[in-house]
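Engineer: Predicted model follows, preceded by the sequence.
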Amino acid sequence: MIQETFDLLRRVASTATLKTGRPQTDLIADRLVQACTQPTLLAAVERLMAALGCEVGYIGGEVMAKFLATANCAQAQHMLIWLRQYPRIAAMIMGLRDDTDYQEALNSVVLSDADTFDMGVALPGRPWPIQLTVECLSPLAHGADYKAGNATLYRRMQVLTTTGHVLDLPFYAGNAIRGQMRDLLADHMLLALGIQPNRTHPPLAMWFFHALYAGGVLEGKGEVSRTAIHKLLGNSGSIRGEGVHIFRDMLPALSLLGVALGDRILSGRLIMGDLRPRCREWGTGDVPVAELMEWTYLTRREDCEGHTEHHGMIANTECLRAGTVLDGGCQLDGHVSELEAAALAVGLHLLQQRGFLGAESRRGLGQVRLQVQGDLRPEPYLEHLAARKQDILDFLTAIGAFDTSHNFEQEEFPIPESRRSNKKANKGLSAADALLGLGMEE
């Protein structure tokens, strides 16, 4: 199996017509990574030949016949697994010119001696209180943190199976869902407050813009914003619990997802799980996971006819096929408030309305149908935004969320009725003291 496969791969590499400025071995390794995502060894070789522009007529019938005679045996799948694990080693072997070195390298390749191919399945996950089901209406792209040349691979995680093997299985990260929900809830809140969202020229101070759309950054650059948040939440190791409660009460969507403000991190109330495609390896379907994957060809064409050189760009993205179904879910922290739970209901509804997940949505990828099962009510959050619109605007003004040059020290802000201090009325207090109810008798 090893000899026949590498003899063919070596001939494929030597007859490749694809040329780049990169070293040939690197090019072959990247194309091998892409090809080995196919479900079978035969399909992987077929894709590799196409990816390298192989001159099929120069491969030779004897080499091809020997490979085909073994391509469907039990060891073929083990050979494919080895190539997936060590694509660069394989590319180095394919590039060896000396026959003695080549043969010694092949003798060092060891495959499993198992007669049957059973990698097992992943351990079953626990059920989620709030269940999410996603059906892909178009290919779904979700890039890994590494690429193979101009190809982006789908994100995978290593999973220990019931038979003790390790599989790399595709998933859609729960943190990506949180990120999209955060953006949607941010736009929704601003619109509810009568503010037009604009990410190019945001109508917000940058520290609050980052908090709203990206979860914040520790120690904002603007001295005024740092002072405002420090006065509200505490600084230098001190904690003003009342300020934290006021912040969470006023902005339940930010409280739900968590945020970094000043030098403080307010933890979120939401635990978001990954989405896993239904397949044999995840233990949730009958279809092998490799049959769920496909490669989508992307291109940016050169429209200017005056150029003497081509300036277009091509790329390949590995995707889950249209029709794939993914399962996941989320749950709320035991300390979640009614408003925070309602904000989650609104966020999930906004995701349903948007109908897209993943990357390259502008190219039509990632169109999905999202179904949510769980006891969630959006009305309390919607009523909060409508009934307390002015209070929220005043609160944001007081903490310098709209203007980094805002004079926080001089701002007066009424204490919310539920937080009003009995020690002293808020009249004449600074905004921070008024918010926290910290006015003291002189």
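Structural biologist: Ah, there it is.

Engineer: Can you name the next helix or strand after the helix or strand hosting N316?
Structural biologist: When elements are assigned from DSSP states H and E, N316 belongs to strand 313-320. Sequence-wise, the next helix or strand beyond strand 313-320 is strand 325-332, with elements assigned using DSSP H and E.

Engineer: ok, back up a step: ok, residues contacting the strand holding N316?
Structural biologist: For strand 313-320, the surrounding residues in contact (Cβ atoms under 8 Å, 6 or more residues apart in numbering) are 34, 37, 136, 139-143, 150-154, 170, 277, 292-300, 326, 359-360, 365. C-betas here are computed from N, CA, C, even on glycine.

Engineer: what about that strand, distance to the chain center?
Structural biologist: 16 Å (Cα atoms, centre = their mean, to the nearest Å).

Engineer: Which elements pack onto the helix or strand where Q353 lies?
Structural biologist: Assignment of secondary structure by DSSP H and E places Q353 within helix 338-354. Packing contacts for helix 338-354, counted by 3 or more Cβ pairs under 8 Å, 6 or more residues apart in numbering; DSSP states H and E, involve strand 130-136, helix 174-192, helix 252-257, strand 325-332, strand 368-373, helix 379-387.

Engineer: in it, what counts as buried?
Structural biologist: Judged by neighbour count (16 or more other Cβ atoms under 10 Å), helix 338-354 contains these buried residues: 339-351, 354.

Engineer: Identify the farthest-apart pair in those residues.
Structural biologist: Pairwise distances across the buried residues of helix 338-354 peak at 22.5 Å for L339 and R354 (criterion: Cβ to Cβ).

Engineer: Break the chain into its domains for me.
Structural biologist: Domains of the chain are assigned by automatic domain parsing as 2-107, 122-411.

Engineer: shaky segments in the stretch 301-442 of the chain?
Structural biologist: When residues are selected by pLDDT under 70, those of the stretch 301-442 of the chain lie in 301-314, 403-442.

Engineer: Do a quick rundown of the helices in the stretch 151-300 of the chain.
Structural biologist: 174-192, 206-214, 223-233, 241-250, 252-257 (DSSP state H, counting those that start in this stretch).

Engineer: shaky segments in the stretch 151-300 of the chain?
Structural biologist: Filtered on pLDDT under 70, the stretch 151-300 of the chain yields the residue ranges 218-241, 262-263, 300.

Engineer: tell me, what residue is most central in this structure?
Structural biologist: Centroid-nearest residue in the chain, with Cα atoms, centre = their mean: A176, separated by 3.7 Å.

Engineer: Tell me who's in contact with R155.
Structural biologist: Taking Cβ under 8 Å, 6+ apart as the criterion, R155 is in contact with H142, G143, A144, D145, P170, F171, Y172, A173.

Engineer: now P170
Structural biologist: Applying Cβ under 8 Å, 6+ apart as the definition, the contact partners of P170 turn out to be H142, Y154, R155, R156, P277, V289, L292, M293, L320.

Engineer: Try it again at 10 Å.
Structural biologist: Residues touching P170, when contacts are defined by Cβ atoms under 10 Å, 6 or more residues apart in numbering, comprise 37, 140, 142, 144, 153-157, 275-277, 279, 281-282, 289-290, 292-293, 318-320, 324, 326.

Engineer: And F67, by the same measure?
Structural biologist: Counting by Cβ under 10 Å, 6+ apart, F67 makes contact with 1, 3-9, 11, 41-42, 45, 59, 76.

Engineer: mind listing the strands for the stretch 1-150 of the chain?
Structural biologist: Across the stretch 1-150 of the chain, reading from the start of the chain, the strands by DSSP state E, counting those that start in this stretch fall at 130-136, 140-141, 143-148.

Engineer: Check the offset of the shortest one from the chain's centre.
Structural biologist: What that stands for is strand 140-141. Taking Cα atoms, centre = their mean, one finds strand 140-141 lying 11 Å from the centre of the chain it belongs to.

Engineer: before we move on, back to that, could you single out the most deeply buried of the helices of the stretch 151-300 of the chain?
Structural biologist: Mean neighbour count, computed with mean count of other Cβ atoms under 10 Å, is highest for helix 252-257 among those, reaching a mean of 26.

Engineer: Hmm, L123 is touching G283, no?
Structural biologist: Yes - with contacts counted by Cβ atoms under 10 Å, L123 reaches G283, the gap being 7.6 Å.

Engineer: So those two - more neighbours on which side?
Structural biologist: G283 (17 against 11; other Cβ atoms under 10 Å).

Engineer: For that one, which non-adjacent residue is closest in space?
Structural biologist: The shortest distance from G283 to any non-neighbouring residue, by Cβ to Cβ, 6 or more residues apart in numbering, is to V121 (4.0 Å).

Engineer: surely that neighbour meets D286?
Structural biologist: No - distance between V121 and D286: 11.2 Å, which falls outside the contact criterion (Cβ under 10 Å).

Engineer: what is in contact with those two at once?
Structural biologist: Here V121 and D286 share the contacting residues C279, R280, scored by Cβ under 10 Å, 6+ apart.

Engineer: what about the two, which has more around it?
Structural biologist: More crowded of V121 and D286, by other Cβ under 10 Å: V121, with 19 against 7.

Engineer: How about the contacts made by the more buried one?
Structural biologist: Residues in contact with V121 (Cβ under 10 Å, 6+ apart) are 159, 161-163, 165, 167, 169, 279-284.

Engineer: hang on, the earlier thing: tell me what angle the helix holding Q353 forms with strand 325-332.
Structural biologist: Here helix 338-354 points in a direction 160 degrees away from that of strand 325-332 (axes from the mean of the first three to the mean of the last three Cα atoms, to 10 degrees).

Engineer: which non-adjacent residue is nearest H349?
Structural biologist: Using Cβ to Cβ, 6+ apart and skipping residues adjacent in sequence, the residue nearest H349 is P378, 6.2 Å away.

Engineer: And for that neighbour, the neighbour number?
Structural biologist: Applying other Cβ under 10 Å, we find 17 residues neighbouring P378.

Engineer: related to what we said a few turns ago, so what's in contact with L123 and G283 at the same time?
Structural biologist: V159, T161, T162.

Engineer: Now for the second one, how many residues are close by?
Structural biologist: Neighbourhood size, T161 [other Cβ under 10 Å]: 17.

Engineer: again, but for the one 5 residues further on
Structural biologist: Residues lying near V166 (other Cβ under 10 Å) number 12.

Engineer: so what's it up against?
Structural biologist: V166 is in contact with Q85, M119, G120, Q158, V159, L160, counting by Cβ under 10 Å, 6+ apart.

Engineer: Quick check: the gap between the nearest residue to the last one once chain neighbours are set aside and V110.
Structural biologist: Meaning L160. Setting aside the residues directly before and after it, L160 is nearest to V166 in space (Cβ to Cβ, 6+ apart), at 5.9 Å. In this structure, V166 and V110 are separated by 17 Å, where distance is defined by Cβ to Cβ, to the nearest Å.

Engineer: Check L160 too.
Structural biologist: For L160, the distance to V110 equals 21 Å [Cβ to Cβ].
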